[in-house]
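*Asks:* what follows is a predicted protein model with its sequence.
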Amino acid sequence: MHSRVLAALTGAALLASVCGNLTVTAAGAIRVEGEKYTLASCKIGMAAGNEYSEGAIVVVSAPKADGQEYRVNYTVDIPSDGAYSIEAVTTNLGFLYTTDFSVIANGDMENEVVAVNESTLLQSDVSPTMKGSMSRYTIGTLGLHRGENTITFICDPGDARGMDGLIIFYMDYFELTPVPFGIRVMETDRPLNVFEQNNSVGYTLRFNSNAPANTELRFVIKDFWTAEVLSSDFKVKEGSRSYQLNFGRFEPGWYTLEVYDGSTRMGYSTFSVVAPKSARKKYEDTPFAMDFGSSQLVAGGIDAVKKYIEAAELSGIQWVRERYLWQEIEPQKGQWLLEPLDEDLAPFKNSSLNVLDITHTTPGWAKRNGMAGAGLPIDLFDAYNMQKTVAERYNDEVQMWEIWNEEDTVAFLTEPADMYSAYYKASALAIADADTDSLP
């Protein structure tokens with residue numbers, strides 16, 4: 001069985017069409033080769049290799065530009081209406097050196113699949129050529145109709161690569177497999193599902209396709225000790241793609257929400273309820289802090305970091321720990337590339353959080369072996385200049401600097417204590433000489 005690949009979007013910044021046949025696998029999945037896209041809104045490249053399906057992948061490697069969209073479209077013939085899961089060999093998600101993306105069908109942004117939030121990793125590092133950059137995932141589900149459908153992959157411009165500001169996206173292939181009706185995502189309008197006690201708790205259920213007739217579901221809410229707090233049956237209107245659940249107010253605590261179709265659990269989520277910020281005393285000092293590492297550990301770009309910040313503030317956190325890599329902000333001696341770090345720290349500037357920042361790597365040009373990574377610099381003046389530069393620049397964003405990470409373990413440092421002490425002294429003097437309010 002073959003399906004057509006047809007041009008489907010007009011008015012894009014760049015029109016590029018490629019025609020070719022799709023593959024239907026033995027399991028009934030429709031395979032779409034990455035290089036057989038129909039349209040792109042940015043410059044597209046190709047990479048060839050024997051390890052790729054049909055010998056090639058599509059590549060987006062483009063500078064981030066204001067107002068520019070980064071979309072790659074595929075038009076696929078679908079045999080019947082319903083929900084289809086997406087499995088793909090594509091860009092590593094939530095990764096420092098590649099760009100996260102979302103997927104939509106037929107221009108339906110309301111049911112956008114945000115890959116980094118809905119994906120499951122099946123196999124990491126699938127390409128020896130693109131080592132560390134591509135993996136195999138199930139990405140989520142799309143509601144499709146019989147006939148021609150446009151599948152669009154949208155790169156997130158807020159997740160451009162930090163070192164050079166490039167949008168980086170790869171696609172070897174993706175497969176569409178029919179699946180039963182179900183819940184695609186359960187979401188709230190609160191950051192990380194953290195509610196204040198005076199808020200009414202509500203969830204939006206988004207389905208993977210139009211709801212069939214006579215859809216009856218049940219929700220169950222339990223507390224931390226698994227005691228049932230609230231439950232009820234509810235009916236979903238035929239053809240609906242979403243359903244709104246409103247539960248009212250809860251006492252402070254941690255809760256689970258499960259949604260069932262008969263005895264089959266269709267969805268699971270958790271939420272927290274905290275005392276209202278206005279009713280809480282703010283302490284001058286607190287032992288509670290969080291290791292954010294947002295630029296490296298929080299997937300989803302700046303918008304996701306802002307949600308983490310808001311959730312931390314709601315939870316009473318006052319200090320967070322951030323990270324940066326020396327080799328990325330000073331790739332060559334005296335050559336500064338600080339704009340990505342500016343973007344990483346900007347969300348904290350107007351928050352109530354105090355930031356402790358840290359680096360525990362050294363650029364290759366400053367090391368004896370020439371290899372960037374763990375290990376102290378040869379010349380302590382290089383460390384002094386780096387620490388003084390960032391302390392002066394980020395006086396408003398960073399309140400404290402941590403000098404290296406776990407220096408007592410060989411995983412991060414192999415030099416003896418006297419060499420670390422000298423490095424610490426050079427860094428501490430740099431912070432003092434920067435004439436800032438921050439401390440080492």
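*Replies:* That came through fine.

*Asks:* tell me where the stretch 51-200 of the chain has strands.
*Replies:* 56-63, 71-78, 82-91, 101-105, 113-114, 120-123, 134-144, 147-155, 166-179, 183-187, 194-196 (DSSP state E, counting those that start in this stretch).

*Asks:* show me what the last one is packed against.
*Replies:* If I follow you right, that is strand 194-196. strand 264-274, helix 301-314 (3 or more C-beta pairs under 8 Å, 6 or more residues apart in numbering; DSSP states H and E). The C-beta positions use only the backbone N, C-alpha and C, and glycine is treated the same way.

*Asks:* pairing partners for whatever helix or strand comes next after it, with directions?
*Replies:* Using DSSP states H and E, the helix or strand that follows strand 194-196 in sequence is strand 201-207. Next to strand 201-207 in the sheet, as set by DSSP bridges, lie strand 183-187 (antiparallel), strand 242-248 (antiparallel).

*Asks:* quick check: next helix or strand after strand 201-207?
*Replies:* Downstream of strand 201-207 (by DSSP H and E), the next one is strand 215-223.

*Asks:* what mean pLDDT does that following strand get?
*Replies:* Here strand 215-223 scores 98 as its mean pLDDT.

*Asks:* list the buried residues in it.
*Replies:* By neighbour count on 16 or more other C-beta atoms under 10 Å, the buried set for strand 215-223 is 215, 217, 219, 221-222.

*Asks:* helices and strands around that strand, which ones?
*Replies:* Against strand 215-223 (3+ C-beta pairs under 8 Å, 6+ apart) you get strand 228-236, strand 253-261.

*Asks:* any idea what the residue positioned nearest the centre of the chain is structurally, helix, strand or coil?
*Replies:* Centroid-nearest residue in the chain: Ala299, 2.2 Å away (criterion: C-alpha atoms, centre = their mean). Three-state call for Ala299 (DSSP: H, G, I helix; E, B strand; the rest coil): coil.

*Asks:* surely it touches Gly94?
*Replies:* Yes: between Ala299 and Gly94 there is a contact under C-beta atoms under 8 Å: 3.2 Å.

*Asks:* and Ser426, how far from Phe153?
*Replies:* Wrong residue type there; residue 426 is Ala, not Ser. 47 Å (C-beta to C-beta, to the nearest Å).

*Asks:* which one's more surrounded, the two?
*Replies:* Phe153 (28 against 22; other C-beta atoms under 10 Å).

*Asks:* wait, what's in contact with Asn210?
*Replies:* Residues in contact with Asn210 (C-beta atoms under 8 Å, 6 or more residues apart in numbering) are 81, 143, 238-241.

*Asks:* roughly how far does it sit from Glu238?
*Replies:* Taken as C-beta to C-beta, the span from Asn210 to Glu238 is 8 Å.

*Asks:* one step back: shared neighbours, Ala299 and Gly94?
*Replies:* 100, 116.

*Asks:* surely Ile183 touches Ser269?
*Replies:* No: applying C-beta under 8 Å as the test, Ile183 and Ser269 come out as separate, 9.7 Å apart.

*Asks:* which one's more surrounded, the two?
*Replies:* Per other C-beta under 10 Å, whichever of Ile183 and Ser269 has more neighbours is Ile183, with 20 against 17.

*Asks:* and that one, how far is that from Trp404?
*Replies:* 45 Å.

*Asks:* same deal with Phe247?
*Replies:* When C-beta to C-beta is applied, the distance between Phe247 and Trp404 equals 47 Å.

*Asks:* what's the answer for Arg265, then?
*Replies:* Applying C-beta to C-beta to Arg265 and Trp404 gives a distance of 46 Å.
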